[in-house]
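Engineer: No sequence on hand, only this structure:
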């Protein structure tokens, strides 16, 4: 019974519904693991143990009375701390929102609750989701479960680390430029960025509205598909929500890629890609070929501009979105605030935001300022259109595109934080999916010197069924998925 925390969501639900174990026992097992490991990992900002156990007892009562329960009955779920949870502190891992308790739930939280999922806590992240390493958190960095001296990836680092260490069964992350896929790759878990608009963004504390998506993180592809089926769907409260009928994504999980056409863009394996990462990714591509898929190397020239385009668009939107956090209406406020409005405003923001957030606000404000708007922001929007068109052309020939999720293995904590450009380079393979609004998944595809490597699979908009099918087939025919870090 002590191994209940190691179960997948699928196994947990089967055992609970089959009366083999109780939801309470499952939740207690996960919290046991959290209390054992949290000092070594720092995956969580807030835990709600009492609330979670109360919910578990309610589910057990329903089952004992023969009442129906939801599709996520008794599953312990961790939530990235950028997603609003009514009555539970939601900080964005920032001093600015250290004491913010939302008065409402994000749409995805309501959907989880309706499905009887159990929220166990809020996970650590890069402050306001700005980063690729979870080092910029006001609450200290999350550590990589495979090597505590290294980063877990970001910005959803806590959401990936808690899955890798069995400190949660499922988790929610957000992905603005790779923030689900990067930590999924670095922690050897599954992470999916859905098509833009497929999952409601209502209740997500915004960083860059036109890029970000909430998405599932899990121990395997089946759980990822199951979780997506719960959180996806149209929401009238979100103007960017796509009006699509809800689907059961688990029905697309066929162990079959015969005749599938795979494109391998050379830009994904370009300069700066670690040779060992290339080796693992090519191994994965040859595995898919062995299983009946056909691959061909191709080129998407606009990918060379994707990183610069992404950072101009994202920072411009961040500058606009974060203007509301001034300490006067809400957010962190300095104690001594007798000065004039402009001084107090700047002091609140200087003390409330960390260095990386301030840097991005300043750069975004500059890109949007008079005289530079056309030169930077408008030009970036035009290039973004070209990137999307380039993908559209590629998908006329290929079913999916694949490459590495990250160009290099997890790096040491502190290694890149002093050089922002180096840190931004780690997003080179992931940002294009956000610019074009495409679904993209990261699945474990091997190790280099004991550190995880992820395979990224991208499909046309709303073809989550395709990315999940390819990922599932790869997972079923390899054994990287079952390997756990030694803690």
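Structural biologist: The structure has been received and is ready for your questions. Here the structure is a predicted model, which is why all the values come from computation and not from measurement.
Engineer: which residues touch the residue nearest the centre of the chain?
Structural biologist: In the chain, the C-alpha nearest the mean C-alpha coordinate belongs to residue 180, at 2.1 Å (C-alpha atoms, centre = their mean). Residue 180 makes contact with 156, 159, 173-174, 191-193, 215, 217, 442 under the criterion C-beta atoms under 8 Å, 6 or more residues apart in numbering. From N, CA and C alone the C-beta is placed, and that goes for glycine too.
Engineer: Same check on residue 324?
Structural biologist: Residues near residue 324 by C-beta under 8 Å, 6+ apart: 330-331.
Engineer: All the strands of the chain, residue numbers only.
Structural biologist: Counting by DSSP state E, the chain has strands at residues 44-47, 76-80, 118-123, 170-175, 190-193, 213-218, 261-265, 294-298, 400-404, 440-448, 451-458.
Engineer: Can you say which of those is packed in most?
Structural biologist: The highest average neighbour count among the strands of the chain, using mean count of other C-beta atoms under 10 Å, belongs to strand 190-193 at a mean of 32.
Engineer: pLDDT (mean, whole number) over that one?
Structural biologist: Strand 190-193 shows an average pLDDT of 98 in the prediction.
Engineer: Low-confidence stretches in this structure?
Structural biologist: 1-2 (pLDDT under 70).
Engineer: and the closest residue to residue 109 other than its chain neighbours, how many residues sit next to it?
Structural biologist: Nearest residue to residue 109, sequence neighbours excluded (C-beta to C-beta, 6 or more residues apart in numbering): residue 85, at 5.6 Å. For residue 85, the count of nearby residues is 23 (other C-beta atoms under 10 Å).
Engineer: For residue 85, list each beta-bridge partner.
Structural biologist: Note on residue 85: beta-bridge partners by DSSP bridges are residue 88.
Engineer: In contact with it, which residues?
Structural biologist: 79, 102, 105-106, 109, 119, 122.
Engineer: could you redo the last one with a cut-off of 7 Å?
Structural biologist: By C-beta atoms under 7 Å, 6 or more residues apart in numbering, residue 85 lies in contact with 79, 102, 105, 109, 119, 122.
Engineer: Between those residues, which sits nearest residue 456?
Structural biologist: Closest approach to residue 456 among the contacts of residue 85 (C-beta to C-beta): residue 79, at 24.0 Å.
Engineer: Wait, the closest one touches residue 120, no?
Structural biologist: No. The criterion here is C-beta atoms under 7 Å, and residue 79 misses it with residue 120 at 8.6 Å.
Engineer: Tell me, how many residues neighbour the closest residue in space to residue 104 that isn't next to it in sequence?
Structural biologist: Excluding its sequence neighbours, the residue lying closest to residue 104 (C-beta to C-beta, 6+ apart) is residue 86, at 5.5 Å. Residues lying near residue 86 (other C-beta under 10 Å) number 15.
Engineer: What distance do you get for residue 86 to residue 123?
Structural biologist: 17 Å (C-beta to C-beta, to the nearest Å).
Engineer: Same question for residue 450.
Structural biologist: Using C-beta to C-beta, residue 450 is found at 24 Å from residue 123.
Engineer: can you check residue 301 too?
Structural biologist: In terms of C-beta to C-beta, residue 301 sits 37 Å off from residue 123.
Engineer: now do residue 409
Structural biologist: 22 Å.
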